[in-house]
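Engineer: Task: produce atomic coordinates for the following.
(5 chains, ligands or ions: 4)
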Amino acid sequence: MNLEFFVISLLNGISYGLLLFMLSSGLTLIFSMMGVLNFAHTSFYMLGAYFAYTLSGVIGFWPALVAAPLLIGALGALFERYALRRVHKFGHVPELLVTFGLSYLVLEVVQLVWGRSTVPYGLPAQLQGPLFTLYGTQFPKSRSFIMLVAVLMLLSVWLLLTRTRIGLVIQAALKHPHMVEALGHNVPRVFMLVFGGGCALAGLAGVIGGNTYVTEPAMAASVGSIIFVVVVVGGMGSLAGAFLASLLIGLVQTFAVALDYSLVHAFTRLGVQVTEQTFGYPVLRLTISQVAPILPYLFLVLILIFRPKGLLGTRED
Amino acid sequence: MLKMENLHAYYGKSHVLHGVTFDVQPGEIVALLGRNGSGRSTAAKAIMGLVDWEGTLEWKGRSLRGRKAYEIAHLGLGYVPESRDVFPNLTVHQNLLLGQKGSGRGSRWTFDDMYAMFPRLKERRNIEAGVMSGGEQQMLTLCRTLMGDPDLIIIDEPTEGLAPKIVELVAEYLTRLKERGISVLLIEQKLTIAMTISDRALVMGHGSIVFQGTPDELRANSYVRKEWLEV
Amino acid sequence: QKGETVKIAWLDPLSGLMAAVGTNQLKSFQFISEEFNRKNASGVKFEIIGIDNKLSPQETTSALRSAMDQGARYVVQGNGSGPALAIMDALEKHNARNPGKEVVYLNYAAVDPDLTNSKCSYWHFRLDADTSMKMEALTTFMKDHAEIKKVYLINQNYSHGHQVSKYAKENLKRKRPDVQIVGDDLHPLAQVRDFSPYIAKIKQSGADTVITGNWGSDLALLIKAANDAGLNNVNFYTYYGGVTGSPTAMGAGAAGRVYMVSYGHLNLPGDIGRIVGEYKKKFNDDMYTGAVYHAFAMLDAGFVKAKSTDPVKVAAVMEGMKFNSFNGEVEMRKTDHQLQQGLFVTRWEKAGGKYPVDAENTGYTFVPVKYYEPYVASTPTSCQMKRPS
Amino acid sequence: MRTTSSLSPAAAPDATRYYRFKPLNVGRIVIWSLFAIALIAAPRLFTSGLALTMLSQIGYATIICLSYNILLGQGGMLSFGHAVYTGLGSFITVHAINMAGAGQLPIPLWLMPLVGGLAGMFFAVLLGFVTTKKSGTTFAMITLGIGELVASMALMFPEFFGGEGGITTDRVYGQPFFGITFGPAIQVYYLIAAYCFVCTAAMYAFTGTPLGRILNAVRDNPERVEFIGYNTQRVRYFAFIIAGFFAGIGGALAAINFEIVTGADSVSVVRSGGYLLFTFLGGATFFFGPIIGAVLLVLASVLLSELSKAWLLYLGLVFLFMVMYAPGGIASLIMMNLRLARYGKLRGIVGAYLALGGTALVAVLGAAAMIEMTYHLQLNAALGPRLEFLGATLDARSVASWFGAGFVLATGLGLFELCRRQFLRQWGEIQEEIEHEIKRGEAA
Amino acid sequence: MTTDHQAAHALELRDLRKSFGKTEIIRGANLTVRSGERVAIIGPNGAGKSTLFNLISGRFAPTSGQVLLHGARIDGKAPFEINRMGLSRSFQITNIFPKLSVFENLRCGVLWSLGYRYAFWRFLSKLQDANERAEQLMEMIKLDKKRDTLAMNLTYAEQRALEIGITIAGGASVILLDEPTAGMSKSETTRFIHLIKEVTEGRTLLTVEHDMGVVFGLADKIAVVVYGEVIAFDTPENVRANQRVQEAYLGSVIAAQQEGRH
Ligand SMILES: Nc1ncnc2c1ncn2[C@@H]1O[C@H](COP(=O)(O)OP(=O)(O)OP(=O)(O)O)[C@@H](O)[C@H]1O
Ligand SMILES: Nc1ncnc2c1ncn2[C@@H]1O[C@H](COP(=O)(O)OP(=O)(O)OP(=O)(O)O)[C@@H](O)[C@H]1O
Ligand SMILES: [Mg+2]
Ligand SMILES: [Mg+2]
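Structural biologist: Ligands and ions are numbered 1, 2, ... in the order given. Here you go, the predicted structure:
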């Protein structure tokens, strides 16, 4: 691997990692604070993209960049108010299932309204083209914008968590809701705000993810599990952990793609002859680059077994 | 200041308080005594809006009807529940922080006051409240409520699980609250500190008030003591 | 048989990853059946029963059962060789166990060569060209382009991708031994969001040509990532560049650099051209699955020839039958039931002039650059067809 | 620890009466006989080819959902990877059948489900060792990770999983077993029914064994279990293995029924999600809940998707409302009404139910008509704007149809709300009466 | 020490230490409890009494030092191993199986000790000995009327009783009770002391208490824990007279009252 390739891959890895963080920051917020595994998170992400697609046709991309997430946030808050809150008292499983049901609904509604194929949601003129060129490879503005937004998200969520008591109120309310109310905190409103906020973050991710990549009904499902990996590997309740995990996964996956080595190579180097008849050849044959996209799951399983708290997490469940 | 008249309270369909009437004046310590299950905690929860009730409940002349717990708290009522309810995975300091309303500016109490009151808490300020000893948790809940700067503090069995020496300490602090003009509604089972520090004692039985008077009067009234409190 | 109603069960996905494609194809079937109902030589009336098979072989067998309950004797399916095999397997058993209730299967898009080779079945007729045929045409095209020196293969890590990779390597070795295969990547199906690492690798390898069997978002994102990284001097040879979603993703950025091999394109003359136009007007969508037309043309011809709509008789006459379809005379090869038809190599270019119909309203379209007669792309078969006695 | 217990659904309020009732309990014999009769008689009632395959599917789905509920309902373990065990069970079975077909393995078909069961068990022993080390959310996430891994592997190893096309087999091989070849679907149905009955009975018996009970205890309060001598990890692990065994049997039966298994499908996380959803929908807190869930699973995935193109929308809606209004699943609704029946109060409320059901039906009809028209416009537009809806012809492009449907919906909703209020009042009164009766009973 | 001698010692702590982070909570505790003794542990809040119980019962592993049960080392072992060796404990905060009935709660408690372990091939309803034992326990703790009530629906005092029932169910020879009477009224407390005495007859009992009435009513010996050390271990009379104990724990007024009462 030469320097050029290394630098480009590093850049790719970081930008992919930041994309993952952008996708998962809202989920981290909701998961770490409310303990709700929001399966509909990527549905809100998808809605963000579609809303922005429609809105930018009317009011332009930049206003839509603000308006769409706000709308999504409002939708999320409504969902919390009328559905999630109702099942909160039954525990985490029903909460999870309600969001599960929602994800079905959103998918169908999106397909009904916008059709089942890709919509032509394009980049605004300001984000088209490369930001800079490195060793002849262009680095597009759109991806830099994603990186910027991801960092801003990190900052704002971090401020929210450290500079306000919202996080404390929610964590406390998960144990003793009545007590928190008796101390003078409007718990239901805080829950609604946080859930709405998390959804708005998902929406924002959708607005810029949608035109950088593609806006299609499958976009929710395709990032569905990977962001859970990020949140869990990072450590439940840890924003910094999620950030670290995103970058790590981004880098691992990017560099793994470059490695065309398999166990066959390893054995051959050790002088062991491997042929198609060797037992387990299909496994030995797989190269690291082929398994790159599933490495995160392997990572997840290993982390949970050896460090159930996650990278920077503080609590186990 | 706090006026309760003919209060009925319910858990779902079960009727627990049957017309309770009493009041608490500014700067007064009122002890609410009674046996297990007589409904004292329920009265406290009713004031805080945590159970359904009917009747009259007024605080500084304003009715508490239909108000949510957090609104009531903002009106200046503080509540220390018998179940303690510390927030186990928050640190001691964070627990106290949650006791504050808003920024905590203009409050009569600061963190330093609390830590001065119970140095033990200061030592343990950065550990998770859930791992603290039973007694330490009791101290924490008291301080947590004080941080909200209440004018009346309703405190349910504060001496439960405390070492005798600390019980004395708590008694001393309650008197000191009173000196600062804060009223106290003290729910107790053990007569010891209640009788020494309170201005007035109420005895509750089967969901209504069966005795009102000064501690001395109560001490003298052996019928009430035998019938409604056990000795 | 005049005036008879022929029920055709359509078993393909309307939900999941391939929903968009399935929806488009179901509409194509409905639309063209109306077209044929207005005028066909056999005088039958076609009725389409659309059932969502969720792209799952097991669901497909349930759907098949239901289709038979509803009286369908012809089934059509095209997405995925999994469901295709499931249907073939189920029909082998069903037709053997239930004489008099036989069902025939027309495969309009599942391109696994095995379906007409090692796993071939008498009840199966394939109307698309299989992976090997398309690769044959593609590599013949590449043979004439000396500027191709280094080829990179990138495919989805499942049977289709494996086959594309395998045939590409075999054919290139045969036709262009001088061409260097500088990369052979397999990535998981529909899981990669960010293709830039692969693009970096392609660039690193110095490839001038990429061959990919990718479809759906895997193709869209691949080409998008190439555009973003400014990989301008590399040509992409694809199978599914025209299928729902990809044209939008390619847009102007990919003009002149993406090739596709297919048995048709949007700007064909004649009947099909008119149909594509009307379809677009009606649904604002592209009718890219021309094999649907084959299906009706072949059945119609078969009914006439067999003088019946009974699947057993029709199947017998369809074997080896030559009939006219939108791309001239085609033949249903008797040995393996693989349609022999000409193939186009097309290139993504600005629409206009002779090729006005654009794809997905992008203003661009696949313009034919080369047409190969059926014999060029024809591949031998190893099928040992077991015919019912 | 608290999270763990809250991850498990609310347990049966009346889970335990085993000791009291003597084993020879008339009610129980009646119920099991009815179950057996239902299994035997079902194919006589529903005779079409589709119905038969659906019944078969219900049969093994029952086994799978019940096995899943050993984890979810009884052990409080939320697994996102149950399809791994059913799917691998299927694959091993198919390979075994193919070997047997080739004469390399002397196992008759009717024993093949056990092969699948052992396979499921084997993988549960292997993978369960790491998964069950943890509980709660961590457990859920590990199963999710393993599920994704196995699902991705399935496409990468075509040698074992058969790639996209999967692996096909022929269940007819060897000597007929008392004249049964297992070729016709009906014979396979009865094979499945027999296994369904036996497995259901076995899993029911499991709830009454020491391990089964300690598993409940682990669900409720794992920490305390450690202090009464049990190793909670061990308990979870053993339960996981048992669940894996039955899951494998279910998977094997699925393979026999379809004679094809594919990796993309049978070990997928979506499949696992389906088991979770429907087990919950049926009711995880009662033993029989998952059986209802299994029936719904098959109805929804096979029938609903054929009746309507909007099936996913309906499914999502039903799901959302069920979780919101009946978080104990359908089984809990049934049990609530049985309770009413026991106190003789059911008759009083039947009227309210009918009113409620009637008005809801009207509202649903209106809504469904609108949904169907919307879908028709999108999917079947080639066929013109007209569509058949329950015998009526609607025109998806006419205002009248939309207005009519909207009117029906609005009326339905309005009336439903009225009935609902009335119903709630009545329900509350009845519950109060029952409470009183219970109190009186206790006092006496 | 001879083995014989050791066996007579039900429980022995040797220079036990435990730190959480930097703070050392238990600072070298030593204690020897003989078989059949009833020992009350008292001490100021946060002295480490519950922590001591947690160390003994295996909830935490000690930082250093040894715990011996009937002469065998148990420090660092898992709770279930220790339980199987004959030590059982209750919790300061009620810790039962909320969604199982009273009877099931108790039956779960007896299963291991009767050797049924992880059996999934026998029916609970056929396990005569387990069922009888559970019924007996239920009578003992006076909950036989609530046999089929779910534990979460019991009143507080009943839950406390059940907690103790589960603790003694396995027939352990050494029982640790953490503030068993907390939150109870006087009369209930009195009843409870009797109950505890009754059910722990012939076993070794360690209990943490703040209620001096309970302590003096129950204990043969009192251990005083202050700042993670056992500063006194003696008969109730001697402990009460001990100046250090009064200063550290009892406080002036109360001590005077206690003196007066007894
Ligand atoms: N959540 C509840 N649901 C139903 N009934 C309740 C509930 N909480 C308390 N009760 C009942 O209400 C009555 C009064 O209880 P309350 O807690 O007010 O008594 P208390 O005087 O505070 O006694 P204690 O000494 O036990 O704290 C009791 O009979 C109790 O059983
Ligand atoms: N896991 C832990 N991490 C940090 N500190 C802990 C932990 N567990 C206990 N402690 C601390 O150890 C000290 C002793 O606690 P312990 O619960 O043993 O006290 P105790 O003697 O039982 O007091 P009480 O009578 O009030 O219940 C307390 O100060 C507590 O905060
Ligand atoms: Mg109380
Ligand atoms: Mg303690």
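Engineer: C-alpha from now on. contacts and neighbour counts both.
Structural biologist: Noted.
Engineer: Which residue comes closest to residue 63 once chain neighbours are left out?
Structural biologist: Unless you meant another one, I'm taking chain A. Leaving aside its chain neighbours, A:Pro63 sits nearest to A:Ser56 (7.5 Å; criterion: C-alpha to C-alpha, 6 or more residues apart in numbering or on different chains).
Engineer: Hmm, no, I was thinking of chain E.
Structural biologist: Once flanking residues are discounted, E:Thr63 sits nearest to E:Lys18: 4.7 Å by C-alpha to C-alpha, 6+ apart.
Engineer: strands paired with the host helix or strand of the one you found, and their directions?
Structural biologist: Using DSSP states H and E, E:Lys18 maps to strand E:9-20. Strand E:9-20 has the following sheet partners, assigned by DSSP bridges: strand E:23-34 (antiparallel), strand E:64-69 (antiparallel).
Engineer: from the chain's centre, how far out does the shortest one sit?
Structural biologist: Taking C-alpha atoms, centre = their mean, to the nearest Å, one finds the center of strand E:64-69 at 17 Å from the center of the full chain.
Engineer: Report all helices and strands that the helix or strand that comes right after it contacts.
Structural biologist: Per DSSP H and E, the first helix or strand lying C-terminal to strand E:64-69 is strand E:72-73. The contact analysis (3 or more C-alpha pairs under 8 Å, 6 or more residues apart in numbering or on different chains; DSSP states H and E) places strand E:72-73 against no helix or strand.
Engineer: In the stretch 51-200 of chain E, which residue sits nearest chain A?
Structural biologist: Chain A sits closest to E:Lys99 of the stretch 51-200 of chain E, with a gap of 13.9 Å, by C-alpha to the nearest C-alpha.
Engineer: E:Leu150 is in contact with that residue, correct?
Structural biologist: Yes: applying C-alpha atoms under 8 Å, one finds E:Lys99 in contact with E:Leu150, separated by 5.7 Å.
Engineer: do the strand holding E:Lys18 and ligand 2 meet?
Structural biologist: Yes: counting by C-alpha under 6 Å from any ligand atom, contacts between strand E:9-20 and ligand 2 involve E:Phe20.
Engineer: what about A:Tyr213, distance to chain B?
Structural biologist: Separation of A:Tyr213 from chain B (C-alpha to the nearest C-alpha, to the nearest Å): 40 Å.
Engineer: got it, and D:Trp427?
Structural biologist: In terms of C-alpha to the nearest C-alpha, D:Trp427 sits 13 Å off from chain B.
Engineer: which regions of the chain lie under the pLDDT threshold?
Structural biologist: Since no chain was named, I'll use chain A. Within chain A, the stretches with pLDDT under 70 are A:1, A:237, A:314-317.
Engineer: ah, I was thinking of chain B
Structural biologist: Within chain B, the ranges that satisfy pLDDT under 70 run B:104, B:230-231.
Engineer: center of it, which residue is that?
Structural biologist: Nearest to the geometric centre of chain B sits B:Ile155, at 1.4 Å (C-alpha atoms, centre = their mean).
Engineer: The helix or strand containing A:Phe5 and chain D, are they touching?
Structural biologist: Here A:Phe5 sits within helix A:3-34, counting by DSSP H and E. No: figure legend: helix A:3-34 not in contact with chain D (C-alpha under 8 Å from any C-alpha of the partner chain); closest approach 11.1 Å.
Engineer: any idea which helix or strand comes after that helix?
Structural biologist: Following helix A:3-34 in sequence, per DSSP H and E, is helix A:41-59.
Engineer: Not counting its own residues, what contacts that following helix?
Structural biologist: Residues outside helix A:41-59 that contact it (C-alpha atoms under 8 Å, 6 or more residues apart in numbering or on different chains) are A:23, A:26-27, A:61-65, A:68-69, A:72, A:103, A:106-107, A:110, A:114, A:121, A:199-200, A:202-211, A:215-217, A:219-221, A:223-224.
Engineer: Quick one, which of these are buried?
Structural biologist: Buried residues within the contacts of helix A:41-59, counting neighbours by 16 or more other C-alpha atoms under 10 Å in any protein chain shown: A:23, A:26-27, A:61, A:64-65, A:68-69, A:72, A:103, A:106-107, A:110, A:114, A:121, A:199-200, A:202-211, A:215-217, A:219-221, A:223-224.
Engineer: Narrow these to those in helices?
Structural biologist: Residues of those located in helices (DSSP state H): A:23, A:26-27, A:61, A:64-65, A:68-69, A:72, A:103, A:106-107, A:110, A:114, A:199-200, A:202-211, A:219-221, A:223-224.
Engineer: among those residues, which are within reach of chain C?
Structural biologist: A:Val223.
Engineer: Domain map for chain E?
Structural biologist: Listed domain ranges for chain E are E:1-86+E:173-195+E:204-256, E:92-171 (source: the TED database).
Engineer: Span of stretch E:64-78 from start to end?
Structural biologist: Criterion C-alpha to C-alpha, to the nearest Å; first-to-last residue distance in stretch E:64-78 is 16 Å.
Engineer: hang on, the earlier thing: what about the residue nearest to the residue nearest to the centre of chain B when sequence neighbours are not counted, how many residues close to it?
Structural biologist: Closest residue to B:Ile155 apart from its sequence neighbours, by C-alpha to C-alpha, 6+ apart: B:Val80 at 4.7 Å. Neighbours of B:Val80 under the rule other C-alpha atoms under 10 Å in any protein chain shown: 26.
Engineer: B:Val80 reaches B:Leu142, doesn't it?
Structural biologist: Yes: when contacts are counted by C-alpha under 8 Å, B:Val80 is listed as touching B:Leu142 (6.2 Å).
Engineer: joint contacts of the two?
Structural biologist: By the contact definition C-alpha under 8 Å, 6+ apart, B:Val80 and B:Leu142 are jointly contacted by B:155, B:158.
Engineer: Confirm that the residue of the stretch 51-200 of chain E closest to chain A sits in a strand.
Structural biologist: No: counting by DSSP: H, G, I helix; E, B strand; the rest coil, E:Lys99 falls outside a strand, being coil.
Engineer: For it, give me phi and psi.
Structural biologist: In terms of degrees, to the nearest 10, the main-chain angles of E:Lys99 are phi -100, psi 10.
Engineer: count of residues packed around it?
Structural biologist: Look at E:Lys99: counted by other C-alpha under 10 Å, it has 24 neighbours.
Engineer: Please apply the same query to the one 4 residues further on.
Structural biologist: The burial count assigned to E:Phe103 is 26, neighbours taken as other C-alpha under 10 Å.
Engineer: And for C:Phe195?
Structural biologist: When neighbours are counted by other C-alpha under 10 Å, C:Phe195 comes out with 22.
Engineer: And for stretch C:277-284, what's in contact with it?
Structural biologist: With contacts defined as C-alpha under 8 Å, 6+ apart, stretch C:277-284 is touched by C:28, C:31, C:285-287, C:357.
Engineer: Rebuild those as CSV, extending it with neighbour count, pLDDT and secondary structure.
Structural biologist: Shown next, in CSV, are the contacts of stretch C:277-284 (neighbours: other C-alpha atoms under 10 Å in any protein chain shown; pLDDT from 0 to 100; DSSP: H, G, I helix; E, B strand; the rest coil):
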residue, neighbour count, pLDDT, secondary structure
C:Ser28, 24, 92, helix
C:Phe31, 24, 91, helix
C:Asp285, 19, 86, coil
C:Asp286, 24, 88, coil
C:Met287, 27, 90, coil
C:Val357, 25, 90, coil
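Engineer: which among those gets closest to ligand 1?
Structural biologist: Of all the contacts of stretch C:277-284, C:Asp285 has the smallest distance to ligand 1: 62.0 Å, by C-alpha to the nearest ligand atom.
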